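Q: Sequence and predicted structure below; questions after.
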There are 2 protein chains.
Amino acid sequence: MSIQARRERERAEREKLIVTAARELVETEGWDAVTTRRLAEEVEYSQPVLYSHFKGKDAIMAAVALEGFADLATELRAAAPSGLAAVATAYTSFAERRPALYDAMFSQAVDLPFASPATPAALHAGFDALSDAIRPHVGDDDLGLLTETFWAALHGLATLTRGGRLPRDAHDERLTILLSRFTT
Amino acid sequence: MSIQARRERERAEREKLIVTAARELVETEGWDAVTTRRLAEEVEYSQPVLYSHFKGKDAIMAAVALEGFADLATELRAAAPSGLAAVATAYTSFAERRPALYDAMFSQAVDLPFASPATPAALHAGFDALSDAIRPHVGDDDLGLLTETFWAALHGLATLTRGGRLPRDAHDERLTILLSRFTT
DNA sequence: ACAACGTTCCTAGCGTTGCTAGATCTGGAG
DNA sequence: CTCCAGATCTAGCAACGCTAGGAACGTTGT
């Protein structure tokens, strides 16, 4: 019994190692640097071990994205006591500071279940933080739908800015406009 | 003179053929089907001719994206007389009906110059249509910044819905909320 | 009309990608 | 100490974007 337990523990540790390495790689060198060969070299194992842990490269990036959601939730929660404006700033700041991770969360990993019973806790946590912050301004609208709408607006600002579609220097003004329209 | 003109005309026609083929391919079979080999087969030429017209695959997709912007601008202009709500619906409807094309416009083609003197007319046209529709509700805000913000919100709704991040059936309610916050 | 030319185009191939089958090695059990 | 099972690696596949080199074409000058 004990030896099997040790093996499973080692396996779990190695899985964590893979995800961490993938995350560091994508954050420091960007998405293109994350290849299965490079990642295998980074964790000092051969390529096939990656596939004994994950179904494929997409699954690895989904795991990275999940960690990203956990981080985002933490940052949003920290900003929550300061009000909606602080949360909105925290959100776009996160996307700006960790663009590759944000990409993994919203552009790459399609396999994560959203808005369903199987939705991981980390996703719920971030959504709830946003929801709490916007509750004072809910008015006659449904809180869940209002949160989704506001989230979408933040996400739009973040991605369009990242892609060079919106000039970066006017970001604060746009955020101010958005907040003025969503606060009562 | 005439024979060179004919050659240039044929070249232009073939370039158009390539972009059209790429566009049909991406709209019918999705992004993964667009490979240089497949595209070359589709236009009945060998791969290298693609590179005599475009710098690389990215440039081809940028050309496809540009056509997408022209289409979007047309649809937005058509909806403009009916007011902001109609324009907003037209926008998200476009993203919903042609998801792969919308991806090309906003996720893939990074080479297109936005918000700069070199911005192609098709991009300006769509932005202007949105701008005209929102002008009646500008209030004390800057029209350009307000347009950008509203555009970002629509884009966020479109992309999050497309990625399965937002349940599709409540889309209309979210759009209603957004409009209620952006109309005065 | 014909040969030489320049351009256009294709065949073939390079390096890299995600992923996998078969060989090899390791570590626990009898 | 030997054997077996499971874990791990080496080697390779098919497909990718892209490019060099030569063949084939149409144009031009004699």
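A: On my side now, so go ahead. Numbering: from 1, shown residues only, chains lettered A, B, ... in the order given.
Q: Give me the distance between the closest residue to residue A:77 other than its chain neighbours and residue A:70.
A: Using Cβ to Cβ, 6 or more residues apart in numbering or on different chains and skipping the chain neighbours, the partner closest in space to residue A:77 is residue A:129 (4.8 Å). Where you see a C-beta, it was placed from the backbone N, CA and C, and this is true even at glycine. To residue A:70, residue A:129 is 12 Å away according to Cβ to Cβ, to the nearest Å.
Q: Go ahead and confirm residue A:181 touches residue B:182.
A: Yes - applying Cβ atoms under 8 Å, one finds residue A:181 in contact with residue B:182, separated by 5.8 Å.
Q: Let me see the ranges of the helices in chain A.
A: Taking DSSP state H as the criterion, chain A carries its helices at A:2-29, A:36-43, A:47-53, A:57-79, A:84-97, A:99-103, A:121-134, A:143-162, A:171-182.
Q: Dump those to a markdown table, plus distance to DNA strand C.
A: Output for the helices of chain A, formatted as a markdown table (distance: least, Cβ to the nearest atom of the strand, whole Å):
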| stretch | distance to DNA strand C |
| --- | --- |
| helix A:2-29 | 5 |
| helix A:36-43 | 4 |
| helix A:47-53 | 4 |
| helix A:57-79 | 3 |
| helix A:84-97 | 24 |
| helix A:99-103 | 14 |
| helix A:121-134 | 23 |
| helix A:143-162 | 22 |
| helix A:171-182 | 32 |
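Q: okay, now the domains of chain A?
A: A:1-53, A:62-182 (automatic domain parsing).
Q: Pick the most buried one from these.
A: domain A:62-182 (a mean of 19; mean count of other Cβ atoms under 10 Å in any protein chain shown).
Q: What's the end-to-end length of that one?
A: By Cα to Cα, to the nearest Å, the extent of domain A:62-182 from end to end equals 32 Å.
Q: Would you pull up how far it lies from the middle of the chain?
A: Centroid displacement of domain A:62-182 relative to its chain, using Cα atoms, centre = their mean, to the nearest Å, is 9 Å.
Q: Residue B:120 is nearest to which of the domains of chain A?
A: Closest to residue B:120 of the domains of chain A is domain A:62-182 (Cβ to Cβ; 13.1 Å).
Q: and the residue nearest to residue A:76 when sequence neighbours are not counted, how far is that from residue B:78?
A: Computed as Cβ to Cβ, 6+ apart, the closest residue to residue A:76 that is not its neighbour in sequence is residue A:129, at 3.8 Å. As judged by Cβ to Cβ, residue A:129 and residue B:78 stand 40 Å apart.
Q: Over to residue A:8?
A: For residue A:8 relative to residue B:78 (Cβ to Cβ), the value is 61 Å.
Q: and what of residue A:72?
A: 38 Å.
Q: one step back: contacting residues for the residue nearest to residue A:76?
A: Residues near residue A:129 by Cβ atoms under 8 Å, 6 or more residues apart in numbering or on different chains: A:73, A:76-77, A:80, A:87.
Q: what's the pLDDT at residue A:91?
A: With respect to pLDDT, residue A:91 scores 98.
Q: same check, this time on the one 5 residues further on
A: The predicted structure scores residue A:96 at 97 on the pLDDT scale.
Q: Contacts only, for it.
A: By Cβ under 8 Å, 6+ apart, the neighbours of residue A:96 are A:158, A:161-162.
Q: which of these lies closest to DNA strand D?
A: Sorting those by distance to DNA strand D puts residue A:162 at the head of the list, at 21.7 Å, by Cβ to the nearest atom of the strand.
Q: measure residue A:124 to residue B:19 for me?
A: Counting by Cβ to Cβ, the gap from residue A:124 to residue B:19 is 43 Å.
Q: Residue numbers of chain A in contact with DNA strand D?
A: Neighbours of DNA strand D within chain A, by Cβ under 7 Å from any atom of the strand: A:7, A:45-49, A:52.
Q: Among those, which pair sits farthest apart?
A: Once Cβ to Cβ is applied, the residues of chain A next to DNA strand D give A:7 and A:47 as the farthest pair, at 21.0 Å.
Q: is it true that residue A:38 touches residue A:24?
A: No - Residue A:38 is beyond contact range of residue A:24, at 11.6 Å (criterion: Cβ under 8 Å).
Q: mind showing which ranges of chain A have poor pLDDT?
A: A:1, A:3, A:109-110 (pLDDT under 70).
Q: Relative to DNA strand C, which residue of chain A is the closest?
A: For chain A, Cβ to the nearest atom of the strand, closest residue to DNA strand C: residue A:56, 2.8 Å.
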